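# structure for this input, please:
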Amino acid sequence: MIREIVIVCHPVSVCVPVNYKVTLSVLAEGTGILKYQWFTDDDKEVPGGTKADLTITAQKTRLYVCRVNDRFCNCVFSEWVKVKVLDIDKSGLPVDWQGEPHIAVNPKPQTVRQGTKVTLRCVAFGMPTPYYQWYRNGQALRDMTSDTLQIDGATAEHEGSYLCSVSNVLEEKWTESVEVDIVKTDQLPPAAPTATDKVALLIGNLNYSNHPGLMAPIMDVHELANLLRQLGFRVVSLLDLTREEMLAAIDKFIQLLDRGVYALFYYAGHGYEHSGRNYLVAVDAPQPYQPQNCVCVQRVMLSMQQKRTALNVILLDTCRKWYNQDCLPSVIMALKPSGNTVYGYGTGEDAEAFEVQDGGKSTGIFTKYLNKHILQPEKVTHVLEKVSEDLGGDPLVTGKQAVEIKHTLKEPRSLADPVQTTGHTRELQMRDACWRHANELPQKKRVMFLCGVEVEISFSALFSNVLMVFATVKTTGPQTQDCTITLSSIPPMEDIFSGPGRSEEMDSLLFKKSNNPDCTLRLCALQKLEESLVIKVDLHYTHTVSKLRQIESQRIDIGKPLVASCKLYRRRNHAGTDKNYVGTSAQSMGNISSSKPLLHQTPAGPRRPFTRKAECAAKAAVRSNEPEENDENELQDFTL
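The predicted structure follows:
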């Protein structure tokens, strides 16, 4: 008598992290040798799924079933089971996990308005899939047996302490209890501040044509950019900009701003103060300083406020020496009633800012302490107060430099506030496309030479206008040995980091070799690039037969990478836009001199205010630092 096929043990549903290896098993009894075939919920056979045990790498949630048949054409199907896959944090999952419930997402306390929705969520991995049971004030809630507890139209009786039990055949675990408070509308605390987006523009000027060179802006911009990215900012970081390039970069920055955005503008380099306004000195500015050759900070802030941003922060690590002692104090008059402006000055009015040697690297002393505190989730002004306290206790600048904070902030906004895009999705997508346009890296490429050598070319962004190119020999040819590579660009791009006084320590801090490339090339000032950039790869090798040194070359067109695609050299509405940033009309400044003074060398003529190295408190000399008067006969309107 032929026995029917009986499934003794069905497979069980599981809930696992993404890419976790899972084994589904079925146990059946019947006459003779039984055959198995596993299927997915789209009626497709699972490749290789012809055994009682099916092992898969879980990548997405799917249903599975197993068909068991014998040689007498009898068949039977197992029960359907679900492999639920969660792409969430699994860092706490034990290495030797056996399938007992592991809670990955705990419920969070809530304070909600009466009549609104309450949602508590608990998510756990488990093999088999865990069961859930929710409790309020120690009492099991009927029919609340899923991973999400939802109450529509909450009333006072729903208030209390909630927790969830998670269990399977292996173990039972409990979440921590959380409080749910139901309040009337007039009792509800103000919602925590959020941003619709976060955008930052960082500019560091150091290689000046007509003024002393600086060291600190390289490291300061580099480290601050990394910290702001950790806070969720879209960052554009640029080095060594002419006045026209600074204005063009600010134009692009302003285009990225919109209603509800947090905007941060940071500048490190030479600067000064005149008639109550702060001016940033471009690398091509002639002597003496004049407003029409620089960028007015208050005009930048005005443009930021006009975008209805939720928070505007300007951080200046620059000198604020006055042109003369009759200058007016600087004033903030925000666009009413925005009240969203924060200025963080690295130094006080009519004072210098200093850069110092810190562990083999140069850093602006203001930015040194700013970077120490900027990740703290506190009100922006509180963070700056901590910076001020630390800098005030530094003996290197005691009596010489003190942080100054000015603001019109009326909400407790923090740079660490979360981004909430609800209702602003379209604007966010447009900003995202524009921002990505300025941060696009070339794709990694493989180059094959006639001699059989294969070289990989990869790219990395050190700043938004500084590109690193790496070349690595991947395979050698049958008749090649002692292979070396040299890289160059067409057109040639100057490496500003290789100038006089640039130390090896600075180099190693900025660029840490990864994967030991055979050759590197640093391409700077990409904002000046008007044509596609071509990378020339020269391979030098010794022919194993002739023993002669050979050279082969390949060229790779990488287009306009990073900020080069923004065409900062070509501003729109050139003449009209200038009036937004300076008080007088712009003048042509001619070509920039290609020769640069040595670092800390004072050029001929009157001494200008500049950021300089403070080696120690005892050695810092008091010096006359009064710039010459500008021959300006008319004052502009000072409504800012």
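# give me the distance from the helix or strand hosting A225 to the chain's centre.
Here A225 sits within helix 216-230, counting by DSSP states H and E. Distance of helix 216-230 from the chain centroid (CA atoms, centre = their mean, to the nearest Å) equals 10 Å.
# which residues are contacting that helix?
Residues outside helix 216-230 that contact it (CB atoms under 8 Å, 6 or more residues apart in numbering) are 198, 200, 202-206, 235, 237-239, 264, 266, 268-269, 317, 355-356, 361-364, 367, 370-371, 374-375, 415, 462-463, 497, 506, 509-510, 611. No exception for glycine: its C-beta is placed from N, CA and C like everyone else's.
# mind checking which of the residues you listed are buried?
Among these, the ones that count as buried by 16 or more other CB atoms under 10 Å are 198, 200, 202-206, 235, 237-239, 264, 266, 268-269, 317, 355-356, 361-364, 367, 370-371, 374, 415, 462-463, 497, 506, 509-510, 611.
# partner strands of the helix or strand where E179 lies, parallel or antiparallel?
Take DSSP H and E as the rule and E179 turns out to sit in strand 178-183. Strand 178-183 pairs in its sheet with strand 110-113 (parallel), strand 160-167 (antiparallel), by DSSP bridges.
# can you name every helix or strand that the helix or strand just after that strand contacts?
Next helix or strand after strand 178-183 toward the C-terminus (DSSP H and E): strand 197-204. Packing partners of strand 197-204 (3 or more CB pairs under 8 Å, 6 or more residues apart in numbering; DSSP states H and E): helix 216-230, strand 234-239, helix 243-255, strand 261-268, helix 425-437.
# what about the helices in the protein?
Ranges of helices in the chain, per DSSP state H, are 216-230, 243-255, 297-305, 365-373, 380-392, 425-437, 504-510, 574-578.
# relative to Q443, which of those is closest?
Closest approach to Q443 among the helices of the chain (CB to CB): helix 425-437, 14.2 Å.
# now that closest one: average pLDDT?
Average pLDDT, helix 425-437: 70.
# between the two ends of stretch 340-354, how far is it?
29 Å (CA to CA, to the nearest Å).
# neighbours of the closest residue to V455 other than its chain neighbours, how many?
Among residues not flanking V455 along the chain, V447 sits closest, at 4.7 Å (CB to CB, 6 or more residues apart in numbering). Neighbour count for V447, taken as other CB atoms under 10 Å: 19.
# surely V447 touches I457?
Yes: look at V447 against I457 with CB atoms under 8 Å: they come within range, at 6.2 Å.
# now the common contact residues for these two.
Common neighbours of V447 and I457 are listed as 537, 556 (criterion: CB under 8 Å, 6+ apart).
# wait, S25 touches G49, no?
No: look at S25 against G49 with CB under 8 Å: they stay out of range, at 12.0 Å.
# quick one, which of those two is more surrounded?
Legend: neighbour count by other CB under 10 Å for S25 and G49, higher for G49 (19 against 15).
# contacting residues for the more buried one?
Applying CB under 8 Å, 6+ apart, one finds that G49 lies in contact with 36-39, 66.
# closest one to C566 among the helices and strands packed on strand 197-204?
C566 lies closest, by CB to CB, to one member of those: helix 243-255, at 5.6 Å.
# list the buried ones in the closest one?
Buried-residue list, helix 243-255, by 16+ other CB under 10 Å: 243-254.
# check stretch 134-145 too.
Neighbour counts over stretch 134-145 (16+ other CB under 10 Å) mark 134-136, 144 as buried.
# any chance of those residues in CSV, plus pLDDT?
Shown next, in CSV, are these (pLDDT from 0 to 100):
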residue, pLDDT
W134, 95
Y135, 95
R136, 93
M144, 92
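# measure C73 to K51 for me?
From C73 across to K51, the span is 20 Å (CB to CB, to the nearest Å).
# returning to that earlier point: got the strands paired with strand 178-183 as TSV, with mean pLDDT and mean neighbour count columns?
Output for these, formatted as TSV (pLDDT from 0 to 100; neighbours: other CB atoms under 10 Å):
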stretch	mean pLDDT	mean neighbour count
strand 110-113	89	16
strand 160-167	94	20
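# got a markdown table for the ones you listed, with distance to E176 too?
Output for the strands paired with strand 178-183, formatted as a markdown table (distance: least, CB to CB, whole Å):
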| stretch | distance to E176 |
| --- | --- |
| strand 110-113 | 14 |
| strand 160-167 | 7 |
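# L526 is nearest to which of the ones you listed?
Using CB to CB, the strands paired with strand 178-183 put strand 110-113 closest to L526, at 48.3 Å.
# endpoints of stretch 283-297, how far apart?
16 Å.
# that stretch: which residues count as buried?
Across stretch 283-297, burial judged by 16+ other CB under 10 Å covers 283-285, 287-297.
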